[in-house]
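3D, please:
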Amino acid sequence: MGIVLFLLIGILAGWIAGKLIQGGGFGLIGNMVVGVVGAVLGGYVLGAVGIDLGGFFGQLVTAVLGALILLFGVGLVKRA
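Residues are numbered from 1 along each chain as shown. As a prediction, the model looks like this:
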């Protein structure tokens, strides 16, 4: 996967996760950061349980799941 595709998936995943958790996005750079970190986190979590989603949509789902986990964790830390 090229870096451009990785960043595109990150932007989309961050935007989708922002809509699902916070109700709004974080801007282009914020969405990209949340999505890219979420992609890494999602890949680690799904890989640990033996799930491998291939293709563009599989990678997008993985990134969104990771971004949701990330945002949920950040929300817990903010409340504490």
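
so for the helix or strand hosting residue 7, mean pLDDT?
Assessed by DSSP states H and E, residue 7 sits inside helix 3-21. The average pLDDT for helix 3-21 rounds to 88.

now for that helix, which elements pack on it?
Under the contact criterion of 3 or more Cβ pairs under 8 Å, 6 or more residues apart in numbering; DSSP states H and E, helix 3-21 touches helix 27-48, helix 55-79. In this view, the C-beta of every residue, glycine as well, is placed from N, C-alpha and C.

with only the CA atoms kept, save that helix in PDB.
Only the C-alpha atoms of helix 3-21 are listed here, as PDB (Å, rounded to 0.1, in the frame of the first residue of the first chain):
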ATOM      1  CA  ILE A   3       1.700   6.200   1.500                       C
ATOM      2  CA  VAL A   4      -1.000   8.200  -0.300                       C
ATOM      3  CA  LEU A   5      -3.500   5.400   0.000                       C
ATOM      4  CA  PHE A   6      -2.500   4.900   3.700                       C
ATOM      5  CA  LEU A   7      -3.100   8.600   4.400                       C
ATOM      6  CA  LEU A   8      -6.400   8.500   2.400                       C
ATOM      7  CA  ILE A   9      -7.600   5.600   4.600                       C
ATOM      8  CA  GLY A  10      -6.400   7.500   7.700                       C
ATOM      9  CA  ILE A  11      -8.300  10.600   6.700                       C
ATOM     10  CA  LEU A  12     -11.500   8.600   6.000                       C
ATOM     11  CA  ALA A  13     -11.200   6.500   9.100                       C
ATOM     12  CA  GLY A  14     -10.600   9.500  11.400                       C
ATOM     13  CA  TRP A  15     -13.500  11.300   9.900                       C
ATOM     14  CA  ILE A  16     -15.900   8.300  10.200                       C
ATOM     15  CA  ALA A  17     -14.700   7.700  13.800                       C
ATOM     16  CA  GLY A  18     -15.100  11.300  14.700                       C
ATOM     17  CA  LYS A  19     -18.700  11.300  13.400                       C
ATOM     18  CA  LEU A  20     -19.500   8.100  15.400                       C
ATOM     19  CA  ILE A  21     -17.900   9.000  18.700                       C
END
